[in-house]
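1. Quick one, what's the 3D model for this:
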Amino acid sequence: MKIEEIVSNLVSFKTSHDKPQEIDNCLSYCKNFFKEKIDNGTIFSKKYLNKGIPSLVLSNVKNTDFDIILLGHIDTVEGSDELFEPKIKDGKIYGRGTMDMKAFVGTNIVTFDKITDNPTNIKIALIIVSDEELGGEFGANYLVNKIGYKAKVILVPDDGEKINQIVSHSKNILSMRFTAKGVEAHGCRPWDGDNAIEKNIKTYQNIKKQFPITDGLHEEQWINSINLGKISGGTASNEVPGNSEMEINIRWTEEMTREEMLLKIDNSLEDNVTYEILMDAEGVFINFDNKYIKKYITTMESYLNKKVTYLKSGGGTDGRYFHYKDMTVIMHQGTGGEPQGENEYVEIKSLYELVEIQTKFIEKLKS
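-> Numbering: from 1, shown residues only. Here you go, the predicted structure:
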């Protein structure tokens, strides 16, 4: 089966978190791809369920310790039904989750299939999780820190944007929920109340002053950023709301510590506004002296016949949970664009190139 067919099949599953059955169906598709190998005992399959979040592990040994782990996620942000109808045009596949990251779950499947076609002394696993868009706590984090999965190298094709580019840095991340307490009153006498929504808005504005202005930017990534993603409160337009919640996402570079960032946030709070941390992730930075990094870069340059470029990325991946355990994480994917956008796409040629690079790199580990 061609890679573009596998990717199209994966995209057709509506794997947003409001459709858990679709997530299960997609994981079943991934498992069934290897049905013959599972039946003849050359591939082992294990499904985990943690707090309702499923994960799938396929491997060529019954173990949790590997040479290579191919890591990917099949969950996506929500979208209209038509976004889950893959379209192939001008050498590209369009659809929700193509870039982030079903196309690269597809390449992981093909790479894993190629490596396990013949007997090998390489211990390899394919891990597919379903909560990366939520932060990965019940998927990758659970598999690493509770079950004990580990490897010499983790290949994570979930960032990088171009086939000749790998991620050298990724930012620190905080996702936070702010709760504001006010005083209810009738909307005709707002002076009798204390508007909780306004408290949250003012808190956000206070925090945002600590960040660079991003209006008009298109390419810049290696700067601190803040996004107000959700705000709620109140019951009617003619009532002063006594309660409000908002969620913001903050990403920042290595030039500021976590403690410094939290101090800025603490100093920005309006009265009776508190927060809880939903996700707290340190940045991932590759070590160019690492022997596996060197070998992967050499493999890329030899196959593509061009120099590798490096991306300081604003994104985050589940690779961080392996990185925290001092494992080598390589973030490299094919070429595409507009992740989570209406015109999200990947270039088909780059998918085949990625499989060749991954396969050649893995085969080099035998020596």
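
2. measure stretch 183-200 end to end?
-> Stretch 183-200 has its terminal residues 14 Å apart, counting by CA to CA, to the nearest Å.

3. low-confidence ranges in the stretch 151-300 of the chain?
-> 218 (pLDDT under 70).

4. Would you map the helices across it?
-> 196-208, 258-266, 291-304 (DSSP state H, counting those that start in this stretch).

5. just the ones you listed: most buried one?
-> Highest mean neighbour count of those: helix 196-208, a mean of 19 (counted as mean count of other CB atoms under 10 Å). To be clear about C-beta, it is placed using only N, CA and C from the backbone, and glycine gets the same treatment.

6. and the residue nearest to residue 234 when sequence neighbours are not counted, how far is that from residue 49?
-> Nearest residue to residue 234 in three dimensions, chain neighbours excluded: residue 241, at 3.4 Å (CB to CB, 6 or more residues apart in numbering). Note on residue 241: its distance to residue 49, by CB to CB, to the nearest Å, is 38 Å.

7. And residue 157, by the same measure?
-> From residue 157 to residue 49 the distance is 25 Å (CB to CB).

8. more crowded one of those two?
-> Applying other CB atoms under 10 Å to residue 157 and residue 49 shows that residue 157 carries more neighbours, namely 27 against 11.

9. Now the phi/psi pair for the more buried one, please.
-> With angles defined as degrees, to the nearest 10, residue 157 sits at phi -80, psi 60.

10. ok, back up a step: nearest to residue 144, of the helices of the stretch 151-300 of the chain?
-> helix 291-304 (17.9 Å; CB to CB).

11. I would like the residues contacting the closest one, please.
-> 152-153, 163-164, 166, 286-288, 307-308, 328, 330, 332, 353, 356-357, 360-361, 364-365 (CB atoms under 8 Å, 6 or more residues apart in numbering).

12. go again using 7 Å as the cut-off
-> 152-153, 163-164, 286-287, 307-308, 328, 330, 353, 356-357, 360-361, 364 (CB atoms under 7 Å, 6 or more residues apart in numbering).

13. so how far is it off the chain centroid?
-> Put simply, helix 291-304 sits 24 Å off its chain's centre (CA atoms, centre = their mean, to the nearest Å).

14. ok so, going back, using TSV, please lay out the helices of the stretch 151-300 of the chain together with distance to residue 42.
-> What follows is the helices of the stretch 151-300 of the chain, written out as TSV (distance: least, CB to CB, whole Å):
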stretch	distance to residue 42
helix 196-208	53
helix 258-266	45
helix 291-304	26
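
15. of all these, which lies closest to residue 316?
-> helix 258-266 (14.5 Å).

16. tell me which element the most centrally placed residue in the chain is part of?
-> Of all residues in the chain, the one closest to the mean position by CA atoms, centre = their mean is residue 317, 3.9 Å from it. Here residue 317, judged by DSSP states H and E, is contained in no helix and no strand.

17. what's around the residue lying closest to it once chain neighbours are set aside, how many residues?
-> Closest residue to residue 317 apart from its sequence neighbours, by CB to CB, 6+ apart: residue 158 at 4.2 Å. A count of nearby residues for residue 158, using other CB under 10 Å, gives 24.

18. quick one, what contacts residue 158?
-> Residues near residue 158 by CB under 7 Å, 6+ apart: 72, 101, 104, 317, 331, 333.

19. Equivalent analysis for residue 330, please.
-> Per CB under 7 Å, 6+ apart, neighbours of residue 330: 153, 155, 156, 166, 293, 296.

20. Hmm, the third one is touching residue 317, no?
-> When you say that, I think you mean residue 156. Yes. Using CB atoms under 7 Å, residue 156 is in contact with residue 317, at 5.1 Å.

21. hey, what's in contact with both of these two?
-> Contacts common to residue 156 and residue 317, judged by CB under 7 Å, 6+ apart, are residue 331.

22. Can you give me every residue that contacts the residue nearest to the centre of the chain?
-> So residue 317 contacts 156, 158, 159, 331 (CB under 7 Å, 6+ apart).

23. which residue packs closest to the first one, ignoring adjacent ones?
-> Spelled out, it's residue 156. Spatial nearest neighbour of residue 156, chain neighbours left out: residue 319 (3.9 Å); criterion: CB to CB, 6+ apart.

24. mind listing what the one you found touches?
-> 71, 154, 156, 284, 329, 331.

25. about what we covered before: which of the contacts of residue 317 has the most neighbours?
-> residue 156 (29 neighbours).

26. check contacts around that one.
-> Taking CB under 7 Å, 6+ apart, we find residue 156 in contact with 71, 317, 318, 319, 329, 330, 331.

27. can you tell me which of those are in strands?
-> 71, 329, 330, 331 (DSSP state E).

28. Strands of the stretch 1-150 of the chain, start to end?
-> Using DSSP state E, counting those that start in this stretch, the strands of the stretch 1-150 of the chain run over 44-50, 53-59, 65-73, 87-89, 92-94, 124-129, 150-156.
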